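In: all I have is the shape, not the residue letters:
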């Protein structure tokens, strides 16, 4: 298990310059969590850092091109979307969240962290999917703790551009072959990206990519 910022992971990724921003973001999550219900209240400082580093690891692992766009669907506290945006500040990132209080927090953090290419999309995913500017816009739609896989993928489908991929976040000990389950028909697995702490080689999570068929 990754041990938080003290693990040296950011330096190992050559992203040590992000540490002050990540620390500020962590502190704000903990500060506003009780009022905004951003993450589980049982999470302490180190646990929040692990979540943030998981997002950074995803940003490092995803094969992004300059023109790609990313949607964090059900963004919550902004994880993984905000860490990915910190890793790729020139990439357009959407943070889609239906709860007003969380969206207020996200807008605050986007401004405080200087993320000029990040947009907060407030409202229901099904409503945004009917927006002609959002439908078919994204190369990657990230799904972390949104719903069960079949339901999460159904929400993601309208936002994907041709050849786009839904990115399902899983614990490192979960099965990577869930695409073979009958309820995921209509999707083809497009690979699994294991996320590890580069400082310790400890597993963090796994990204399972799907493409619509």
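Out: All right, it came through fine. None of the values given here were measured: they were computed from a predicted structure.
In: excluding its backbone neighbours, what's nearest the residue nearest the centre of the chain?
Out: Most central residue of the chain, judged by C-alpha distance to the mean C-alpha position with C-alpha atoms, centre = their mean, is residue 80 at 2.4 Å. Of all residues beyond its chain neighbours, the one nearest residue 80 is residue 55 (3.4 Å), with distances taken as C-beta to C-beta, 6 or more residues apart in numbering. Placement of C-beta: from N, CA and C, glycine included.
In: for the residue nearest to the centre of the chain, give me its contacts.
Out: With contacts defined as C-beta atoms under 8 Å, 6 or more residues apart in numbering, residue 80 is in contact with 54, 55, 58, 59, 72, 142, 144, 169.
In: with residue 78 instead?
Out: Applying C-beta under 8 Å, 6+ apart, we find residue 78 in contact with 25, 72, 95, 105, 106, 109.
In: can you put those in TSV and add secondary structure and pLDDT?
Out: As requested, these are exported to TSV (DSSP: H, G, I helix; E, B strand; the rest coil; pLDDT from 0 to 100):
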residue	secondary structure	pLDDT
25	helix	96
72	strand	98
95	strand	98
105	helix	96
106	helix	97
109	helix	97
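In: just checking, what packs against the top strand by length along the chain?
Out: In the chain, taking DSSP state E as the definition, the longest strand is strand 160-171. Strand 160-171 is packed against helix 45-61, strand 138-143, helix 149-156, strand 203-212, with contacts defined by 3 or more C-beta pairs under 8 Å, 6 or more residues apart in numbering; DSSP states H and E.
In: please tell me how far residue 161 sits from residue 30.
Out: The span separating residue 161 from residue 30 equals 36 Å under the rule C-beta to C-beta, to the nearest Å.
In: cool, thanks, talk later.
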